[in-house]
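Student: This is the structure alone, sequence omitted:
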């Protein structure tokens with residue numbers, strides 16, 4: 001599959017896992033294909049995205065952006081779910097992605 005070939009059959013699962021820390025986490029997992037393979041996940045708190053991962057063969061195919069959009073959709077429908085916010089702790093690839101999807105992008109630390 002060529003890079004940039006968007007995945008059209010993404011499905012999402014939301015939960016707020018207990019991770020043994022003081023903050024409350026929110027998670028979106030992305031699944032695709034006939035077997036609903038796990039292709040990525042985004043984990044965030046009310047302050048920032050703490051982790052976003054997309055499997056190698058699924059990168060640059062819209063998965064991270066779709067999870068970002070799904071997080072914002074859920075937040076708009078449920079006041080207990082905060083909208084995802086970009087972190088100041090980003091890789092170079094994460095920085096490029098944050099600038100591409102928009103929203104407030106804090107200075108990198």
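Tutor: Yep, it's here. Computed from a predicted model, the values in this text were never measured in an experiment.
Student: Provide a list of residues in contact with the residue nearest the centre of the chain.
Tutor: Centroid check for the chain by Cα atoms, centre = their mean gives residue 42 as the closest residue, at 3.5 Å. Neighbour list for residue 42: 27, 28, 49, 51, 52, 53, 64, 67, 68, 71, 84 [criterion: Cβ atoms under 8 Å, 6 or more residues apart in numbering]. (Glycine included, C-beta is placed from N, CA and C.)
Student: If you tally nearby residues, what's the number for the fifth one?
Tutor: Pointing back at residue 52 there. Residues lying near residue 52 (other Cβ atoms under 10 Å) number 22.
Student: that's a strand at it, yeah?
Tutor: Yes: using DSSP: H, G, I helix; E, B strand; the rest coil, the secondary structure at residue 52 is a strand.
Student: Name the helix or strand for the closest residue to it other than its chain neighbours, please.
Tutor: The spatially closest residue to residue 52, leaving aside those adjacent along the chain, is residue 42, at 4.6 Å (Cβ to Cβ, 6 or more residues apart in numbering). Under the criterion of DSSP states H and E, residue 42 resides in strand 37-44.
Student: ok now that strand, how far from the chain's centre?
Tutor: In terms of Cα atoms, centre = their mean, to the nearest Å, the centre of strand 37-44 is found 7 Å from the chain centre.
Student: Adjacent strands (with direction) for that strand?
Tutor: Sheet pairing of strand 37-44 (DSSP bridges) gives strand 26-32 (antiparallel), strand 49-54 (antiparallel).
Student: Let me have those strands in TSV, adding distance to residue 78 and mean pLDDT as columns.
Tutor: Converted to TSV, the strands paired with strand 37-44 look like this (distance: least, Cβ to Cβ, whole Å; pLDDT from 0 to 100):
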stretch	distance to residue 78	mean pLDDT
strand 26-32	10	97
strand 49-54	18	96
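Student: That's all I had, so thanks and see you.
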